[in-house]
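Chemist: okay, sequence plus prediction incoming.
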Amino acid sequence: MSGRRRALPFDPIQEASRLWAEQWSADQTPRMRAVTSLMRVHQLVLTELDELLRPLGLTFARYEVLVLLSFSRRGTLSLGKIGERLQVHATSVTPLVNRLEAAGLLVRSPHPEDGRAVLAAITPEGRAVLQQATDAIVGARFALGALSDEQCDELTSLLTGPRSAAGDFELPEDA
């Protein structure tokens, strides 16, 4: 992650962990420390990725919409499907699509078979910006340069159980 931030002279999560154990419950301290670390890394990674994408007029959330559209066979998805795949409420998708459309990176059109649905389609300019954004993110090692590939695989594996338990997806029977 970027070294531009001024580092604290102590680990605030370790200090919070110590105070947590004194004030509440020492047996839950490992979980408190884990969730606090997870949330802090999320903030740091998202901040770095957003900073990388800002010169392209994107945020990571807008980038994700362009990626989803590029993954679809026709470069088109309904706004409802975008929300479903990003696992956000439909009302969160509209402002993302509005900004991308205003920038000329996607266009909206009525769904040809469902009068209630709206389609978003990535434009050629959207594909070009998506490629630039992807190059920047890959070049920054997804803001996880402090981890090896093996550690990234281990982290993914560690987070699979809680994601599945929360209803993010269903684990196959043999997993």
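Modeler: Here it is on my side, so go on.
Chemist: can you count the residues close to the closest residue to I122 other than its chain neighbours?
Modeler: Take I122 and drop its neighbours on the chain: the residue closest to it by Cβ to Cβ, 6 or more residues apart in numbering is L69, 4.0 Å away. Just so you know, the C-beta spots here come from the backbone N, C-alpha and C atoms, and that holds for glycine as well. A count of nearby residues for L69, using other Cβ atoms under 10 Å, gives 24.
Chemist: for L69, give me its contacts.
Modeler: Shown in contact with L69 (Cβ atoms under 8 Å, 6 or more residues apart in numbering): 75-77, 82, 106, 120-122, 126.
Chemist: so of those residues, which ones are in strands?
Modeler: Members of these lying in strands (criterion: DSSP state E): 76-77, 106, 120-122.
Chemist: can you tell me which of these has the most neighbours?
Modeler: Within the ones in strands among the contacts of L69, most neighbours by other Cβ under 10 Å means A120, with 27 neighbours.
Chemist: please tell me how far it sits from G80.
Modeler: 10 Å (Cβ to Cβ, to the nearest Å).
Chemist: kindly report the same for R33.
Modeler: Distance of R33 to G80, given as Cβ to Cβ: 38 Å.
Chemist: and for P9?
Modeler: Using Cβ to Cβ, P9 is found at 49 Å from G80.
Chemist: looking at these two, which one has more neighbours?
Modeler: Taking other Cβ under 10 Å, P9 and G80 do not tie; G80 has more neighbours (15 against 5).
Chemist: hmm, the more buried one is touching A90, no?
Modeler: Yes. Here G80 reaches A90: they are 5.9 Å apart, a contact under Cβ atoms under 8 Å.
Chemist: now the common contact residues for these two.
Modeler: Contact criterion Cβ under 8 Å, 6+ apart; no residue bridges G80 and A90 by contacting each.
Chemist: now the helices: where do they sit in this structure?
Modeler: 12-23, 29-53, 60-71, 79-86, 90-102, 124-139, 149-165 (DSSP state H).
Chemist: hmm, back to that, from the ones in strands among the contacts of L69, pick the one nearest A165.
Modeler: Each of the ones in strands among the contacts of L69 was scored against A165 by Cβ to Cβ, and L77 proved nearest at 27.5 Å.
Chemist: pLDDT score assigned to that closest one?
Modeler: Confidence at L77, expressed as pLDDT, is 94.
Chemist: again with the one 4 residues further on
Modeler: K81 carries a pLDDT score of 92 in this model.
Chemist: burial measure for it, as a count.
Modeler: 16.
Chemist: that one and E15: what is the separation?
Modeler: Using Cβ to Cβ, we find K81 at a distance of 44 Å from E15.
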